[in-house]
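*Asks:* Here's my sequence, what's the structure:
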Amino acid sequence: MKGKRTLYEIYWEILTFCRSPRTFTSIVNRCSLNSKIGQEHIGFLLSKEYLRRYEEEGRGLHVTTDEADVFLEAFKEMYLELFNRGPEFKL
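*Replies:* The predicted structure follows:
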């Protein structure tokens with residue numbers, strides 16, 4: 001699938017990328033977001049408790065929580081049903 005990503009694909013990319021702790025800057029850069037949109041998406045995922053933010057050595061880090069597994073699995077199943085392949089995000 002090519003073209004514009006859906007909101008759910010962006011959420012999936014952020015959550016997949018944040019399985020290891022990541023800074024805000026690394027998230028927006030890797031997921032090709034501008035900072036305003038990145039703040040909105042990350043804020044939403046934090047409010048759903050799919051991401052957790054914490055400080056380490058003076059840096060704010062974001063990491064995917066276990067609660068996100070429900071979304072990640074549902075998204076993968078839906079994607080497989082629609083496109084006969086899993087979602088792709090080259091880490």
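
*Asks:* Okay, buried residues for stretch 28-39 please.
*Replies:* Neighbour-count burial for stretch 28-39 flags 28, 31, 33, 38 (criterion: 16 or more other C-beta atoms under 10 Å). Glycine gets a C-beta too; all of them are placed from N, C-alpha and C.

*Asks:* what's residue 19 sitting at in phi/psi?
*Replies:* Backbone geometry at residue 19, expressed as degrees, to the nearest 10, gives phi -60, psi -30.

*Asks:* can you put the buried residues of stretch 28-39 in TSV and add distance to residue 21 and pLDDT?
*Replies:* Shown next, in TSV, are the buried residues of stretch 28-39 (distance: C-beta to C-beta, whole Å; pLDDT from 0 to 100):
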residue	distance to residue 21	pLDDT
28	15	97
31	15	93
33	18	95
38	16	96
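
*Asks:* quick one: which of those residues is nearest to residue 11?
*Replies:* Of all the buried residues of stretch 28-39, the one with the least separation from residue 11 (C-beta to C-beta) is residue 31, at 9.8 Å.

*Asks:* number of nearby residues for the nearest residue to that closest one once chain neighbours are set aside?
*Replies:* Excluding its sequence neighbours, the residue lying closest to residue 31 (C-beta to C-beta, 6 or more residues apart in numbering) is residue 13, at 4.9 Å. Other residues near residue 13 come to 21 when the count uses other C-beta atoms under 10 Å.

*Asks:* what does residue 61 give?
*Replies:* Each residue near residue 61 was counted by other C-beta under 10 Å, and the total is 18.

*Asks:* Now the two most distant members of the buried residues of stretch 28-39.
*Replies:* Distance extremes for those: the farthest pair is 31 and 38 at 7.4 Å, using C-beta to C-beta.
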